[in-house]
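Trainee: just coords:
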């Protein structure tokens, strides 16, 4: 296994900036801007001219994604960026600029248009999105697994596999927070641990969350935009192949390389200092997590309750999830949350950033809706790699939506479709966003969270580029084979 690259965080913003510029370039290409009086005019054969946003209207969106990617890595800005209030000020400020653009500078500008856009974003996307994440985060925070098993390769592989299984049902964040501490405790006697955490990030924080909309934020956004709750189960072959290959490679590397390099003294301590696994907080929180899954699957106001003609009330799903959170906080043991060092900082960070992301991306989505066919990305392979690479250097949730809209735009007349998107293209976008979010620390939220927890536990994690040595050498070839096997 190649050694971790030397710390190169000083250069990483350059790579991340390339991702931001690439997104801007794609959206500018989509705009196909031929300015007419300062506006983009789209001519459809079957209808009158339709005005869409100027290409430069995506600047607030790309600036926000760039801030999320770059500021944590800049020495002078990192401490300032740690405060959620500052994140909200940046995200909210760029969202406000976008709303002002829609109200004043858009070709069809009006304050009513800006108000309608904000209303749609908040009510249709943001509120359901953040309440689901809040519910999974809070309820799973009331469950604790602790213990110290012999840190054999098979033991670690089993824990990583459990993370991959749980990720689809309680979210990648929930699975990561539930298992990372017991994984670190089990490996506390070993010296070579960083590679185990990296594979945990690959599987539990990303690739494992492919089977249900609960698993990863991109898939839940797809669900909110019409993808059936159980459609992602059709990706089980890809899920099984990618995660199975990652586990097989991990077991081989740890068994034949890293474990033999542990000292005999450390192995002896690891074999004798053993504590059985103990589970606390499973009641009532395990049952409440099942309730969250059922609420998402059954309480969709746009569809009748299965077996009936009754449509759930608008936001009944979100009300049920908040009620389950309240039950967790009231009836769950406070001592378990204290042992987990549970707080709301991580979910507040998500809430602060995504309110800006959802608003600022509206011009980009409008351009994609009008010019998606001009992108030149028209096959599953192209959609997989385009979605995947941008998910690697930007946040994978908004990247998913961008290419979801592009795929829907070119899917007219295709069969079969899901939510208006040709299923091969939807498969490609889903696989790219979820699995390639593991390519860097910033591709998916739990990646950095796990890295931070590991470092606080004394594990020297690879640098930004050191981590990419692992992802390029191991994950990327597996994903390339998966794309060849499962994408038409």
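Mentor: It's in. Computed from a predicted model, the values in this text were never measured in an experiment.
Trainee: three-state assignment of residue 145?
Mentor: strand (DSSP: H, G, I helix; E, B strand; the rest coil).
Trainee: so where does residue 279 fall, helix or strand?
Mentor: Residue 279 belongs to strand 275-280 when assigned by DSSP states H and E.
Trainee: Which positions within that strand qualify as buried?
Mentor: residue 280 (16 or more other Cβ atoms under 10 Å). In short, each C-beta sits where N, CA and C put it, glycine included.
Trainee: strand partners of it, parallel vs antiparallel please.
Mentor: Partner strands for strand 275-280, per DSSP bridges, with pairing direction: strand 144-148 (antiparallel).
Trainee: State the mean pLDDT of the partner strand.
Mentor: Per-residue pLDDT over strand 144-148 has a mean of 92.
Trainee: Would you mind listing the buried residues in that strand?
Mentor: 144, 145, 146, 148.
Trainee: Which single one of those is nearest to residue 446?
Mentor: Residue 446 lies nearest to residue 145 out of the buried residues of strand 144-148, by Cβ to Cβ, at 16.5 Å.
Trainee: The closest one reaches residue 277, doesn't it?
Mentor: Yes: counting by Cβ atoms under 8 Å, residue 277 is a contact partner of residue 145 at 6.2 Å.
Trainee: overlap in contacts of those two?
Mentor: Shared contacts of residue 145 and residue 277 (Cβ atoms under 8 Å, 6 or more residues apart in numbering): residue 182.
Trainee: now the strand holding residue 279, how far from the chain's geometric center?
Mentor: Here the centre of strand 275-280 is set off from its chain's centre by 30 Å, with Cα atoms, centre = their mean, to the nearest Å.
Trainee: Residue 150 and residue 275: what is the separation?
Mentor: As judged by Cβ to Cβ, to the nearest Å, residue 150 and residue 275 stand 11 Å apart.
Trainee: For the longest helix seen in the chain, name the packing helices and strands.
Mentor: Looking across the chain with DSSP state H, the single longest helix is helix 153-186. If you count contacts as 3 or more Cβ pairs under 8 Å, 6 or more residues apart in numbering; DSSP states H and E, helix 153-186 packs onto helix 127-140, strand 144-148, helix 194-203, helix 236-253, helix 282-298, helix 445-456.
Trainee: where exactly do the strands run in the stretch 351-488 of the chain?
Mentor: Assigned by DSSP state E, counting those that start in this stretch, the strands in the stretch 351-488 of the chain fall at 417-418, 421-422.
Trainee: Residues contacting the last one, please?
Mentor: To tie it back to what came earlier, the one meant is strand 421-422. Contacts of strand 421-422 (Cβ under 8 Å, 6+ apart): 404, 407, 408, 410, 411, 414, 415, 416, 429.
Trainee: Kindly reformat these as a markdown table containing distance to residue 461, neighbour count and pLDDT.
Mentor: Putting those into a markdown table (distance: Cβ to Cβ, whole Å; neighbours: other Cβ atoms under 10 Å; pLDDT from 0 to 100) gives the following:
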| residue | distance to residue 461 | neighbour count | pLDDT |
| --- | --- | --- | --- |
| 404 | 32 | 28 | 93 |
| 407 | 35 | 29 | 93 |
| 408 | 39 | 24 | 91 |
| 410 | 41 | 18 | 90 |
| 411 | 41 | 20 | 90 |
| 414 | 44 | 15 | 87 |
| 415 | 47 | 7 | 89 |
| 416 | 43 | 8 | 93 |
| 429 | 30 | 30 | 97 |
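Trainee: SS state for residue 214?
Mentor: Under three-state DSSP, residue 214 comes out as coil.
Trainee: so where's the protein uncertain?
Mentor: 1-50, 372-373, 394 (pLDDT under 70).
Trainee: can we see that at 80?
Mentor: 1-51, 69, 72-73, 368-375, 393-395, 442, 445, 464, 488 (pLDDT under 80).
Trainee: what's the burial count for the nearest residue to residue 226 once chain neighbours are set aside?
Mentor: Excluding the flanking residues, the one nearest residue 226 by Cβ to Cβ, 6 or more residues apart in numbering is residue 419, at 3.4 Å. Residues within reach of residue 419, counting by other Cβ atoms under 10 Å, total 18.
Trainee: mind listing what residue 419 touches?
Mentor: 222, 225, 226, 227, 228, 408, 426.
Trainee: Write the PyMOL selection for whichever of those are buried.
Mentor: Buried residues within the contacts of residue 419, by 16+ other Cβ under 10 Å, are selected in PyMOL with:
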select buried, resi 222+225+227+228+408+426
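Trainee: now the angle from the host helix or strand of residue 330 to helix 282-298?
Mentor: Assessed by DSSP H and E, residue 330 sits inside helix 316-331. With axes from the mean of the first three to the mean of the last three Cα atoms, to 10 degrees defining the directions, helix 316-331 sits at 180 degrees from helix 282-298.
Trainee: Residues contacting helix 316-331, please?
Mentor: Residues contacting helix 316-331 (Cβ under 8 Å, 6+ apart): 127-128, 131-132, 134-135, 138-139, 142, 284-285, 288, 291-292, 295-296, 299-301.
Trainee: Emit the PyMOL select command for whichever of the residues you listed are buried.
Mentor: In PyMOL syntax, the buried subset of the contacts of helix 316-331 is picked out as below (16+ other Cβ under 10 Å):
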select buried, resi 128+131+132+134+135+138+139+142+284+285+288+291+292+295+296+299+300
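Trainee: just how off-centre is stretch 379-390 within its chain?
Mentor: Distance of stretch 379-390 from the chain centroid (Cα atoms, centre = their mean) equals 16 Å.
Trainee: how long is stretch 411-426 end to end?
Mentor: 10 Å (Cα to Cα, to the nearest Å).
Trainee: Hmm, residue 203 and residue 161 touching each other?
Mentor: Yes: look at residue 161 against residue 203 with Cβ under 8 Å: they come within range, at 7.3 Å.
Trainee: what residues are shared contacts of the two?
Mentor: Shared contacts of residue 161 and residue 203, counting by Cβ under 8 Å, 6+ apart, come down to 243, 247.
Trainee: The two: which has the busier surroundings?
Mentor: residue 203 (29 against 18).
Trainee: what's that one in contact with, if anything?
Mentor: Contacts for residue 203 (Cβ under 8 Å, 6+ apart) come out as 160, 161, 163, 164, 167, 243, 246, 247.
Trainee: what's near enough to touch the second one?
Mentor: What that stands for is residue 161. Applying Cβ under 8 Å, 6+ apart, the residues contacting residue 161 are 203, 243, 247.
Trainee: State the distance from residue 267 to residue 284.
Mentor: To residue 284, residue 267 is 40 Å away according to Cβ to Cβ.
Trainee: Please disregard the earlier target; I meant residue 140.
Mentor: 13 Å.
Trainee: Let me see the ranges of the helices in the stretch 1-150 of the chain.
Mentor: In the stretch 1-150 of the chain, the segments counted as helices under DSSP state H, counting those that start in this stretch are 12-31, 59-70, 75-81, 84-100, 111-120, 127-140.
Trainee: Same list as before, the ones you listed that is, but in CSV and with distance to residue 385 included.
Mentor: Output for the helices of the stretch 1-150 of the chain, formatted as CSV (distance: least, Cβ to Cβ, whole Å):
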stretch, distance to residue 385
helix 12-31, 12
helix 59-70, 19
helix 75-81, 30
helix 84-100, 28
helix 111-120, 30
helix 127-140, 26
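Trainee: Residue 175 is nearest to which of the ones you listed?
Mentor: Closest to residue 175 of the helices of the stretch 1-150 of the chain, according to Cβ to Cβ: helix 127-140, at 8.0 Å.
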